[in-house]
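Colleague: have a look; sequence and predicted model below, questions after that.
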Amino acid sequence: MKRNLTWSLIIFAVGVFMGALDNGIITAALTTLNRSFGVSPTWGAWTITVYTLGLAISVPIIGKLSDRYGRKKLFIFEVTLFGLGSLLVALSPNFTWFLVSRFIQAMGGGGIFIIASSFVLNTFPREKQGQMLGILGGMNGIASVLGPNIGSFILNMTGSWHWLFLINVPIAITLAVLGMKFIHEEQKLTEARLDYAGVVVLSMAVLSMMYGLTKLDGVNVIDSLTSGSFLGFIALGLVLFVILVFVERGVQKSSKDPILPTFLFKDGVFCWTLFYAMLSGTIIASIIFVPGFIEQYLGVDSAVSGYWFTPLALAAGAGAALGGRLVDRKGSVFTMLTASAIAAIGFLLFAVWVEHIWQMVIASCMVGVGFGSMLGAPVNILATENAGDNKGIALATTSLSRQIGLTLAPTLFAGFLARSFMHMGDAIQSHLSEAHIQADAGAMPAMTGQMDFSTLQAGFAHIQDPSTKQPMMDALHEVAGRGYHGLFYTAMTICILLFVTTVVIGVVRKNKMGSHPQHQQLQHDYK
């Protein structure tokens with residue numbers, strides 16, 4: 001039995017890594033894909049958008065189905081669907097086929113982490129759950145942050161974007177075969193009829209909300225927040241969620257099994273945990289910008305800047321394992337407080353201290369340990385402790401909340417960089433004046449239109465006069481730093497908000513325990 005549990009955890013961990021990796025691995029090949037299919041960058045962005053939407057829709061449904069049909073069956077189904085989707089993506093004859101295949105792939109990858117976490121919570125003894133969930137969270141976090149680097153490596157080695165997806169096929173087949181052999185679980189299955197109306201309404205609500213979030217513009221935040229497309233889809237999503245509540249209340253009075261048990265949202269701890277999960281998603285998004293900071297602010301060559309991201313990824317894995325052990329010994333609340341504080345200090349170091357690569361490594365390790373400790377164990381244990389037989393859907397709702405944060409934050413963080421580069425002309429004028437050089441519009445690249453670091457750097461590289469070139473490079477460094485420092489200060493503020501949210505969770509949970517004697521066995525989380 002112990003051998004089977006070990007094999008099960010390995011199988012689930014590899015599955016989690018594979019599913020999480022594909023959300024970021026494609027970013028390395030966006031330009032290549034756009035050129036291959038002859039589509040514009042705007043349409044090319046749909047390769048990521050459609051995957052995000054597929055994940056958002058699949059997560060709550062798979063979470064519920066795992067409670068109904070069993071985690072082993074659903075895991076095998078999910079990895080098989082993911083492998084099939086990956087094969088179809090690689091063989092896509094046109095862009096429409098590609099997008100449909102990416103959606104199928106997302107529907108397969110979305111539920112793997114939920115199923116794996118639910119398996120741990122229902123199979124492993126309570127004193128080991130934190131450690132096991134920490135391993136899964138570590139795999140999920142490492143894959144999320146390393147995706148672009150691994151994508152670049154595969155693309156450079158093979159020269160073809162097809163291998164980014166073909167590599168998933170043998171892994172998926174292996175996981176399905178091993179899963180049939182080694183995953184064993186005694187699970188009480190729900191026999192009531194499935195709430196099909198709830199499935200449809202929930203799917204449409206999630207799809208509308210998530211698509212609305214993709215309409216945000218980090219540069220023109222106010223304009224995008226008041227745009228008809230954003231407000232329309234968000235409003236439609238909210239209306240559908242209200243309808244869902246009434247549908248589920250009616251279902252709970254019938255013989256059907258509700259897709260989203262409303263009693264979960266009457267639990268203050270669960271609701272605050274969802275908020276924490278959403279904020280933790282924004283932290284994942286902020287980490288994605290670290291390689292850009294290494295290249296654009298620290299001046300590391302773009303060919304190797306991604307490799308300096310490795311310390312953060314390894315620290316995140318170590319943090320996830322440490323966080324899992326800390327949950328088992330000190331409890332979820334203590335772990336989340338510690339993780340939030342460490343990550344906040346790390347982001348502060350990025351903003352006020354990091355000027356050299358060795359300093360970046362130290363700050364990265366702190367952010368990684370803090371970020372990794374947030375993932376998996378503490379949040380999942382809090383979200384499911386009062387879920388009863390609905391652990392799958394509780395985990396899925398938590399994951400969906402995190403996905404909302406992960407979808408919303410990149411646009412807002414990118415806005416810091418875009419707005420900073422809008423002042424590039426002023427920075428150049430200032431630095432040239434300090435060097436007692438009169439600005440000559442003909443001696444520099446045009447500052448009109450859309451400006452980005454690579455374009456400006458390439459333009460400045462052609463300036464022959466060193467006395468003019470250096471002030472302009474200094475201006476580029478200043479503007480890049482201003483944008484990234486604003487991003488890191490914001491991430492630090494979110495970590496502080498995570499800390500405060502955890503304090504609230506602790507107070508609400510402690511009060512609940514005090515008023516419900518049957519919950520006294522959970523008191524160990526307040527050591």
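Modeller: Structure received.
Colleague: I figured residue 271 hits residue 265, correct?
Modeller: Yes - counting by CB atoms under 8 Å, residue 265 is a contact partner of residue 271 at 6.1 Å. Using the backbone N, CA and C atoms, a C-beta is placed for each residue, glycine as well.
Colleague: surely residue 288 meets residue 141?
Modeller: No - with contact defined as CB under 8 Å, residue 288 does not count as touching residue 141 (11.9 Å).
Colleague: between these two, which one's more packed in?
Modeller: residue 141 (29 against 20; other CB atoms under 10 Å).
Colleague: what residues sit buried inside the helix or strand containing the more buried one?
Modeller: Under the criterion of DSSP states H and E, residue 141 resides in helix 126-158. By neighbour count with 16 or more other CB atoms under 10 Å, helix 126-158 contains the buried residues 129-152, 154-155.
Colleague: which is the next helix or strand following that helix?
Modeller: Counting by DSSP H and E, the next helix or strand C-terminal to helix 126-158 is helix 163-166.
Colleague: list of residues touching the helix or strand following that next one?
Modeller: Downstream of helix 163-166, the first helix or strand assigned by DSSP H and E is helix 168-182. The contact list for helix 168-182, computed with CB atoms under 8 Å, 6 or more residues apart in numbering, reads 4, 7-8, 11, 14-15, 18, 22, 72, 75-76, 79-80, 82-84, 86-87, 90.
Colleague: and the helix or strand that helix 168-182 is followed by, what other elements does it pack with?
Modeller: Note on helix 168-182: by DSSP H and E, the next helix or strand toward the C-terminus is strand 193-194. Packing partners of strand 193-194 (3 or more CB pairs under 8 Å, 6 or more residues apart in numbering; DSSP states H and E): strand 256-257.
Colleague: the strand it packs on pairs with which strands, parallel or anti?
Modeller: According to DSSP bridges, strand 256-257 forms sheet pairs with strand 193-194 (parallel).
Colleague: from the chain's centroid, how far away is the next helix or strand after the strand it pairs with?
Modeller: Next helix or strand after strand 193-194 toward the C-terminus (DSSP H and E): helix 196-213. Computed by CA atoms, centre = their mean, to the nearest Å, the separation of helix 196-213 from the middle of its chain amounts to 19 Å.
Colleague: got the buried residues for helix 196-213?
Modeller: The neighbour-count check on helix 196-213 (16+ other CB under 10 Å) flags 197-199, 201-213 as buried.
Colleague: hmm, who's touching that helix?
Modeller: Contacts for helix 196-213 (CB under 8 Å, 6+ apart): 49, 52-53, 56-57, 60-61, 64, 229-234, 236-238, 240-241, 243-244, 247-248, 251, 258-260, 400, 403-404, 407-408.
Colleague: if we go to 6 Å?
Modeller: Helix 196-213 has contacts (CB atoms under 6 Å, 6 or more residues apart in numbering) with 53, 56-57, 60, 230, 233-234, 236-237, 240-241, 243-244, 247-248, 258-259, 407-408.
Colleague: now do stretch 269-278
Modeller: Stretch 269-278 is contacted from outside by 264, 379, 382-383, 398, 401-402, 404-405, 501, 504-505, 508-509, using CB under 6 Å, 6+ apart.
Colleague: I'd like those laid out as TSV, including secondary structure and distance to residue 430.
Modeller: Shown next, in TSV, are these (DSSP: H, G, I helix; E, B strand; the rest coil; distance: CB to CB, whole Å):
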residue	secondary structure	distance to residue 430
264	helix	55
379	helix	45
382	helix	50
383	helix	50
398	helix	47
401	helix	43
402	helix	41
404	helix	40
405	helix	36
501	helix	41
504	helix	45
505	helix	47
508	helix	51
509	helix	52
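Colleague: in ChimeraX, select just the buried ones from the residues you listed.
Modeller: To isolate the buried subset of the contacts of stretch 269-278 in ChimeraX, counting by 16+ other CB under 10 Å, use the following:
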select :264,379,382,383,398,401,402,404,405,501,505,508,509
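Colleague: of the contacts of stretch 269-278, just say which sits nearest to residue 436.
Modeller: Lowest distance from residue 436 to the contacts of stretch 269-278 (CB to CB) belongs to residue 405, with 48.0 Å.
Colleague: what helix or strand does the residue nearest in space to the middle of the chain sit in?
Modeller: The structure's the chain has its C-alpha centroid closest to residue 406; by CA atoms, centre = their mean the separation is 4.6 Å. Here residue 406, judged by DSSP H and E, is contained in helix 391-421.
Colleague: by contact count, what packs against the host helix or strand of residue 5?
Modeller: Taking DSSP H and E as the definition, one finds residue 5 inside helix 2-25. Applying 3 or more CB pairs under 6 Å, 6 or more residues apart in numbering; DSSP states H and E, one finds that helix 2-25 makes contact with helix 112-123, helix 126-158, helix 168-182.
Colleague: make it 8 Å
Modeller: helix 46-69, helix 71-90, helix 95-109, helix 112-123, helix 126-158, helix 168-182.
Colleague: deepest-packed of those, please.
Modeller: Of the helices and strands packed on helix 2-25, the one with the most neighbours on average (mean count of other CB atoms under 10 Å) is helix 112-123, at a mean of 28.
Colleague: and the contacts of that helix?
Modeller: 5, 8-9, 12-13, 15-16, 18-20, 59, 62-63, 66-67, 71, 74-75, 78-79, 82, 129, 132-133, 136, 140, 183, 185, 187, 376, 380-381, 384, 391-392, 395-396, 399.
Colleague: what's the pLDDT at the closest residue to the residue nearest to the centre of the chain other than its chain neighbours?
Modeller: Among residues not flanking residue 406 along the chain, residue 281 sits closest, at 3.9 Å (CB to CB, 6 or more residues apart in numbering). Per-residue confidence (pLDDT) for residue 281: 90.
Colleague: what is the burial count for residue 281?
Modeller: Neighbour tally, residue 281, other CB under 10 Å: 21.
Colleague: all good on my end, thank you.
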